[in-house]
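A.B. asks: Build me a model:
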Amino acid sequence: MISQYLLRVAEQQNDRVIDFTNNTSDFVEVVFDVDGKEVKGYCYPPRHHKPVRRMRTGEPLPLGKHGVVTAYVYPGEADLDERDLDIPPFLRWRLKKKVRFHRTSQSPAVVLTAAY
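C.D. replies: Numbers count the residues shown, from 1 in each chain. Sure, this is the predicted structure:
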């Protein structure tokens with residue numbers, strides 16, 4: 001059985017990244033923190049996978065030797081044309097097709113943790 005969401009810390013190109021996958025058919029907003037410090041928030045389209053490599057400020061992730069990454073997953077609605085869902089997210093960004101996400105709740109639907 002495939003989990004709705006997957007969270008892990010992975011090694012990519014000699015750096016550790018926060019690796020998140022949205023396996024649902026819904027858009028979600030995910031806010032990440034590392035050891036209690038907010039790192040970044042992203043809108044994840046349905047069935048989308050994206051590693052987080054940097055903090056919102058552009059600095060490297062503060063992943064020490066050991067700790068915990070937390071992902072707060074918020075439900076909501078995105079205003080994206082149905083036809084644009086077939087365009088991969090990295091191309092949507094280059095084509096300047098912005099997605100606006102509106103939370104339907106200020107409480108996370110799911111909170112995930114991953115030790116590293």
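
A.B. asks: Tell me the strands beside the helix or strand hosting Phe20, with direction?
C.D. replies: Element membership of Phe20 [criterion: DSSP states H and E] is strand 15-22. With DSSP bridges as the test, strand 15-22 is paired with strand 5-12 (antiparallel), strand 48-52 (antiparallel).

A.B. asks: Compute the inter-axis angle for the biggest strand by length in the chain and strand 48-52.
C.D. replies: Taking DSSP state E as the criterion, the chain has its longest strand at strand 68-78. Interaxial angle, strand 68-78 versus strand 48-52 (axes from the mean of the first three to the mean of the last three C-alpha atoms, to 10 degrees): 140 degrees.

A.B. asks: Quick one: residues in contact with strand 68-78.
C.D. replies: 5, 7, 9, 18, 20, 26-35, 43, 45, 63, 99-116 (C-beta atoms under 8 Å, 6 or more residues apart in numbering). In this view, the C-beta of every residue, glycine as well, is placed from N, C-alpha and C.
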